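In: just a sequence and a predicted model for now, questions to come.
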Amino acid sequence: MSVEDYCKIFREEYLSFKLPLIEQFDVTGVHSDNILRLMTFNQKLGARERIDKWANRNYPETRDENVQILDGYLTLCEQNRIRPIMFLPPVTEGYKKHFIKPMLDEFYYLVRQACKKHPSAIFIDSWKLQGLSDADFWDVDHLNIQGAAKFSIFLNDFIERL
């Protein structure tokens, strides 16, 4: 597909798409136990272990390459009059509490630099989003269907206000 094809799809289909209200989601179906599964106590306790795995993942060359790729995407969006929206996905309070601060600080710095270079870009920090609880998560850093529905409604409302 060409850029023109994607632009056409975005303009004609995406802009007319409306997310249903959360009450319209059927979470009582055959697979609802798998879809709506809530975090177990052990998963909540494992937040620290899960985050500690990130501590040894410092790859400056990959980070630099990803920054260049992001810059290319944002430039392409600007060239095609598309307003890019980036977001940091929501996580549980336990995950935030234990996350490695220097890594998070570097992430925020890189996002600020990208938004400064590309003023049309928008960044949504979903770590500051209110209204989600542990009951909305599959594990410490992935939403379940109920949480995904809530987050989708938030994103849709945000986009409509633009």
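Out: Cool, got the structure. Residues are numbered from 1 along each chain as shown.
In: buried residues in stretch 137-149?
Out: Neighbour-count burial for stretch 137-149 flags 137-141, 143-149 (criterion: 16 or more other C-beta atoms under 10 Å). No exception for glycine: its C-beta is placed from N, CA and C like everyone else's.
In: now the end-to-end length of that stretch.
Out: 11 Å (C-alpha to C-alpha, to the nearest Å).
In: which residues in this structure form helices?
Out: Counting by DSSP state H, the chain has helices at residues 3-12, 32-35, 41-45, 47-55, 60-79, 93-98, 101-117, 145-161.
In: okay, the angle between the fifth one and helix 101-117?
Out: Pointing back at helix 60-79 there. Here helix 60-79 runs at an angle of 30 degrees relative to helix 101-117 (axes from the mean of the first three to the mean of the last three C-alpha atoms, to 10 degrees).
In: the fourth one now?
Out: Inter-element angle recorded for helix 47-55 and helix 101-117: 60 degrees (by the same axes, to 10 degrees).
In: where does pLDDT dip in the protein?
Out: 1-46, 55 (pLDDT under 70).
In: of all the helices of the chain, which lies closest to Ile124?
Out: Taking C-beta to C-beta, helix 145-161 is the member of these nearest to Ile124, at 6.7 Å.
In: could you say what helices and strands the closest one packs with?
Out: Here helix 145-161 touches strand 85-88, going by 3 or more C-beta pairs under 8 Å, 6 or more residues apart in numbering; DSSP states H and E.
In: repeat that with 7 Å
Out: Helices and strands touching helix 145-161, as assessed by 3 or more C-beta pairs under 7 Å, 6 or more residues apart in numbering; DSSP states H and E, are absent.
In: relative to Ala121, how far out is Cys77?
Out: Separation of Cys77 from Ala121 (C-beta to C-beta, to the nearest Å): 8 Å.
In: any residues in contact with both of the two?
Out: The contact sets of Cys77 and Ala121 overlap at Pro84 (C-beta atoms under 7 Å, 6 or more residues apart in numbering).
In: more neighbours: which of the two?
Out: Ala121 (19 against 16; other C-beta atoms under 10 Å).
In: got the contact list for the more buried one?
Out: Taking C-beta under 7 Å, 6+ apart, we find Ala121 in contact with 74, 84, 86, 114-115.
In: Arg83 against Ser120, yeah?
Out: Yes - checked against C-beta atoms under 7 Å, the pair Arg83 and Ser120 is within contact range at 5.1 Å.
In: which stretch among the helices of the chain approaches Gly131 most closely?
Out: helix 145-161 (6.6 Å).
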